[in-house]
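Chemist: give me the fold of what follows.
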Amino acid sequence: MVDVQNHAYKEQFGSNFTSAIPTNVFGPHDNFDLEDSHVIPGLIHKCYLAKKNNTPFIVSGTGKPLRQFIFSYDLAKLFIWMLREYDDVEPVILSVGEDEEVSIKEVADAIVKALDFKGNYTFDTTRADGQFRKPASNKKLLTLMGGFQFTPFTQALDLTVKWFLENYNTARTGAAGKKA
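Modeler: Below you'll find the predicted structure:
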């Protein structure tokens, strides 16, 4: 509906508003609450607690679904570019390319490595996977910008885990009673 409204403002008043459409954002300062976080911060927190409490790290589903994750620092740079350079009513998808999709298993493996988790790590295949893919093309973005270098996934994940560990006591992890 925002896109429809943007086009209406352009048509009626000549105002050039647009929309940025990011995909699967993660990074420092994320919401790591186990009840309502997105997949990466939720898995980071879950693995952290499994390591701390010497319990299994169990990931829901098979780990096969694929996602395009964008590091929040990259997204911030893209927002600045849009504010300064982009002057069109048509929305822009802000995402890594489809060739940079990673499976949930690859995400969980990277979290296990980043947290140096040595415990039992499994997938609960009785839980649903959700949609297998949610592809989004960044071709328009790259054509307009040219040369933008996204932070490699494992580097971005390592930075996020490092931030989480250094800021656990103040990070958004849920109610104080859930932190134990």
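Chemist: which ones are touching the one residue sitting closest to the centre of the chain?
Modeler: Nearest to the mean C-alpha position of the chain, by CA atoms, centre = their mean, lies Val25 at 2.9 Å. By CB atoms under 8 Å, 6 or more residues apart in numbering, Val25 lies in contact with His38, Phe69, Ile70, Phe71, Ser72, Leu75. (Glycine included, C-beta is placed from N, CA and C.)
Chemist: next one: phi and psi at it?
Modeler: Per-residue torsions, Val25: phi -80, psi 140 (degrees, to the nearest 10).
Chemist: ditto for the one 4 residues further on
Modeler: In terms of degrees, to the nearest 10, the main-chain angles of His29 are phi 70, psi 10.
Chemist: repeat that for Leu94.
Modeler: Residue torsions, per degrees, to the nearest 10, at Leu94 are phi -100, psi 100.
Chemist: beta-bridge partners for it, please?
Modeler: Leu94 forms beta bridges with Pro22, as assigned by DSSP bridges.
Chemist: that one and Phe71, how far apart?
Modeler: Applying CB to CB, to the nearest Å, the value for Leu94 to Phe71 is 11 Å.
Chemist: let me see the confidence value for Ala76.
Modeler: Reading off the confidence values, Ala76 has pLDDT 98.
Chemist: how near is the residue nearest to the centre of the chain to Phe79?
Modeler: According to CB to CB, Val25 stands 11 Å off from Phe79.
Chemist: so Ala8 belongs to a helix, correct?
Modeler: Yes. Counting by DSSP: H, G, I helix; E, B strand; the rest coil, Ala8 is found in a helix.
Chemist: that one: neighbouring residues, count only.
Modeler: For Ala8, the neighbour count with other CB atoms under 10 Å is 13.
Chemist: lovely, talk soon.
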